[in-house]
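Student: from the sequence below, what's the structure:
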Amino acid sequence: MNDMTRARFRITGQLITGLVLAGLGVLFTLDNLDLIRARDVLRYWPAVLMVVGISQVLQARSPAGTIGGSIWILFGAVLLGERLNLVSNVFRFWPLFLVAVGSYVVWQSFNRGEPPPGDGSERVSAVAVLGGVDRRVISSNFRGGDVTAFMGGGKLDLREATLAPGAEAILDVTTMMGGFEIKVPETWNVIVDIVPFMGGYEDKTRHPSDPAAPRLRIRGFVMMGGVEIRS
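Tutor: You can find the predicted model right below:
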């Protein structure tokens, strides 16, 4: 029973967004009652980015997911350091982003030979940082995955992937100043649970009438970016 509970509980972008919004409501209420000053607390807002990154690292099932979460942690830590006057000039640390991107490229060069015509793995993980990524999934037992875009974008083609009738796969999406285009089979029923913040998503899929149609649940958080889902 405990294993089932742990398997179902995941710290998602949607959960973090809900907690942040609820926290802001409490904060502004206390500010209106002159109990605290909201501006003194809001200066710590980059910590939210670090929480997003930490949750991705803890739940990562691939090196790409770990790298994506680490980038969020790095970005939030630098901004928080400037807010706390631990970093005198945040722009002095911009080369660290090159270090993160370069490390990811090096990891790819050691772990991939010739690019395959399609990804047959059950779970997909993609990270787009200051660039783009294009993935085509041909898995015969697709189970979901995670995609991250940070100042970049990508395309995820699932039209050749297969889900068992009545089965459900979960795809976690996290983007900041970037976006993803996701293509799915027409026989899949897509459920979108994305929370946008200064961004948005567009669902252009066809919803089959068959109640036993496979389901793809796309959930996550979009900030200053966009996600497009189409059949």
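Student: contacts, neighbours, all on C-alpha from now
Tutor: Will do.
Student: beta-bridge partners for the residue nearest to the spatial centre of the chain, please?
Tutor: Centroid check for the chain by C-alpha atoms, centre = their mean gives T174 as the closest residue, at 2.0 Å. Going by DSSP bridges, T174 is paired in beta bridges with T148, F221.
Student: now do the strands in this protein.
Tutor: Taking DSSP state E, the strands of the chain run over residues 123-129, 132-136, 144-150, 153-157, 168-176, 179-183, 189-197, 200-204, 215-223, 226-230.
Student: the third one to strand 215-223, inter-axis angle?
Tutor: To tie it back to what came earlier, the one meant is strand 144-150. Calculated by axes from the mean of the first three to the mean of the last three C-alpha atoms, to 10 degrees, strand 144-150 forms an angle of 20 degrees with strand 215-223.
Student: now the helices for the protein?
Tutor: Secondary structure of the chain (DSSP state H): helices at 2-8, 13-32, 38-42, 46-59, 63-83, 95-111.
Student: mind listing what's buried in the third one?
Tutor: So that's helix 38-42. Going by neighbour count (16 or more other C-alpha atoms under 10 Å), the buried part of helix 38-42 is A38.
Student: against I229, how distant is K155?
Tutor: Per C-alpha to C-alpha, to the nearest Å, K155 is found 10 Å from I229.
Student: before we move on, what about I182?
Tutor: Counting by C-alpha to C-alpha - I182 and I229 are separated by 5 Å.
Student: and R83, by the same measure?
Tutor: From R83 over to I229 the distance is 37 Å, taken as C-alpha to C-alpha.
Student: need the contact list for the most far-flung residue of the chain relative to its centre.
Tutor: Within the chain, D34 marks the point farthest from the mean C-alpha position, 36.7 Å out by C-alpha atoms, centre = their mean. Counting by C-alpha atoms under 8 Å, 6 or more residues apart in numbering, D34 makes contact with nothing.
Student: got the contact list for G144?
Tutor: Counted by C-alpha under 8 Å, 6+ apart, G144 has contacts 122-124, 169-172, 216.
Student: who's the closest residue to H207 other than its chain neighbours bridged to?
Tutor: Distances taken as C-alpha to C-alpha, 6 or more residues apart in numbering put N189 closest to H207, at 5.2 Å, once the chain neighbours are dropped. N189 has these beta-bridge partners by DSSP bridges: R215.
Student: could I get the contacts of G144 as a markdown table with distance to V195, pLDDT and neighbour count?
Tutor: Below are the contacts of G144 laid out as a markdown table (distance: C-alpha to C-alpha, whole Å; pLDDT from 0 to 100; neighbours: other C-alpha atoms under 10 Å):
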| residue | distance to V195 | pLDDT | neighbour count |
| --- | --- | --- | --- |
| E122 | 25 | 78 | 17 |
| R123 | 22 | 82 | 19 |
| V124 | 21 | 82 | 23 |
| A169 | 19 | 87 | 19 |
| I170 | 15 | 86 | 17 |
| L171 | 14 | 88 | 18 |
| D172 | 11 | 84 | 21 |
| L216 | 16 | 88 | 21 |
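Student: now for those residues, which pair is the farthest apart?
Tutor: E122 and D172 (14.4 Å; C-alpha to C-alpha).
Student: correct me if wrong: E122 contacts S139.
Tutor: Yes - assessed by C-alpha atoms under 8 Å, E122 is found in contact with S139 at 5.8 Å.
Student: and the residue nearest to H207, how many neighbours does it have?
Tutor: 23 (other C-alpha atoms under 10 Å).
Student: also P196?
Tutor: Counted with other C-alpha under 10 Å, P196 comes out at 20.
Student: and if you look at I36?
Tutor: Using other C-alpha under 10 Å, I36 has 14 neighbouring residues.
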